[in-house]
Structure formats: C-alpha cells, structure tokens
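Peer 1: model the structure of this input:
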Amino acid sequence: MEIVTETKIDFKDLKKNDRIKSNQLGTPISGKLMESPKQGKGLKKVVLIWSNGSEIGMFDEHGSVYADQIVAVERDGGWCKVSHDR
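Peer 2: Model (predicted):
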C-alpha cells in the first residue's frame, strides 16, 4: 500500500467518485466509490465501489463492500486513513 498520512477522514465525509483503498480481497487495492455512503440521516453499512482487481491479478469490476473494508481515501494528492468511529 502507498504512503498513508496520519490524517484521518471520517467515513461520513466520503463522497461519490472518491478514490479509495479497500481490503475486501485481502490485499489493499484502489478503487472508486460509485455511490455516496450517506443514506437519509444515517450511513450505509454496504457501499457500491469499482475495484481495480487487476492490481493483484484479478478482474476490475464493481461490487458491494462493507463500509469497514474501506481503509483509505485520496485527498490532496495523498492517502488518508478512514475513521469508522460512530
């Protein structure tokens, strides 16, 4: 995984089309949020993403992942950790 800064971003602050890193395949891979994690007054527990599985020899495809599997988001050219505190 690339360098992740100590800055933390709350899960609720993620937006559609954010570049993310997720660990649903075991090894963190990059991807893109296909929908906003916000739902009404709350947050979704499962979100739709585009995952770049070709980074580890699998297929690139979209699918749903649990919110806690999103580990980093790209902000200002660097990767920030995602905080899942509720």
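Peer 1: count of residues packed around the closest residue to Leu14 other than its chain neighbours?
Peer 2: Excluding the flanking residues, the one nearest Leu14 by Cβ to Cβ, 6 or more residues apart in numbering is Pro37, at 5.3 Å. To be clear about C-beta, it is placed using only N, CA and C from the backbone, and glycine gets the same treatment. Neighbourhood size, Pro37 [other Cβ atoms under 10 Å]: 22.
Peer 1: show me the contact partners of the helix or strand of the chain at the bottom of the mean pLDDT ranking.
Peer 2: Sorting the helices and strands of the chain by mean pLDDT, DSSP states H and E puts strand 4-10 at the bottom, at a mean of 83. Contact with strand 4-10 is made by 72-73, 75, 78-83, 85, as judged by Cβ atoms under 8 Å, 6 or more residues apart in numbering.
Peer 1: narrow those residues to just the buried residues.
Peer 2: Among these, those buried by neighbour count (16 or more other Cβ atoms under 10 Å) are 72-73, 79-80, 82.
Peer 1: gap between the residue of the chain positioned farthest from its centre and Lys16?
Peer 2: In the chain, counting by Cα atoms, centre = their mean, Lys41 sits farthest out from the average C-alpha position, at 20.4 Å. Counting by Cβ to Cβ, to the nearest Å, the gap from Lys41 to Lys16 is 18 Å.
Peer 1: and Lys81, by the same measure?
Peer 2: For Lys81, the distance to Lys16 (Cβ to Cβ) stands at 20 Å.
Peer 1: before we move on, what about Gly53?
Peer 2: According to Cβ to Cβ, Gly53 and Lys16 sit 21 Å apart.
Peer 1: who has more neighbours out of the two?
Peer 2: Each of Gly53 and Lys16 has its neighbours counted (other Cβ under 10 Å); Gly53 has more, 16 against 13.
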